[in-house]
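> Below are the sequence and a predicted model for it; my questions follow.
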Amino acid sequence: MHPYMADALNIVFLSFLVVVAIAVSYVKDLLYAAILLGAYSVTIALIWLLMSAPDLAITEAAAGIGMTTLMIAVISKIGRKGE
């Protein structure tokens, strides 16, 4: 991959991370917050992959998918009321 392309992708992914992090803090519904945190985790995994760290990318993806699934399961049991 061309170095400028990698830099452009890093800027796009990091910008997306900032937007998702801000969105998670403003979302009132727990299910939407869990979904946004899953998107955050996938984006971090892609960044690790761009940085040539596939072991960290796999770990981040597995942990993110596991935690998102667990959070959605708990939210579905306790209810998902917005404030």
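Yes, it's here. Numbers count the residues shown, from 1 in each chain.
> Quick one: residues contacting residue 68.
34-35, 37-38, 41 (C-beta atoms under 8 Å, 6 or more residues apart in numbering). C-beta here means a position set from N, CA and C on the backbone, and glycine is covered the same way.
> Residue 23 and residue 35 touch, don't they?
No: the criterion here is C-beta atoms under 8 Å, and residue 23 misses it with residue 35 at 10.3 Å.
> re earlier: and which of the contacts of residue 68 is nearest to residue 16?
Minimum distance to residue 16 across the contacts of residue 68 is 12.3 Å, recorded for residue 41 (C-beta to C-beta).
> Against which helices or strands is the helix or strand hosting that closest one packed?
Per DSSP states H and E, residue 41 falls inside helix 30-50. Judged by 3 or more C-beta pairs under 8 Å, 6 or more residues apart in numbering; DSSP states H and E, helix 30-50 is in contact with helix 3-26, helix 54-78.
> So which residues make contact with the shortest one?
Judged by C-beta under 8 Å, 6+ apart, the contacts made with helix 3-26 from elsewhere in the structure are 33, 36-37, 39-40, 43-44, 46-47, 50.
> Recalculate using a threshold of 6 Å.
Outside helix 3-26, the residues within contact range by C-beta atoms under 6 Å, 6 or more residues apart in numbering are 33, 36, 39-40, 43, 46-47, 50.
> can you put these in JSON lines and add neighbour count?
Formatted as JSON lines, these follow (neighbours: other C-beta atoms under 10 Å):
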{"residue": "33", "neighbour count": "18"}
{"residue": "36", "neighbour count": "20"}
{"residue": "39", "neighbour count": "17"}
{"residue": "40", "neighbour count": "19"}
{"residue": "43", "neighbour count": "19"}
{"residue": "46", "neighbour count": "18"}
{"residue": "47", "neighbour count": "19"}
{"residue": "50", "neighbour count": "16"}
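> Having no further points to raise, I will conclude here.
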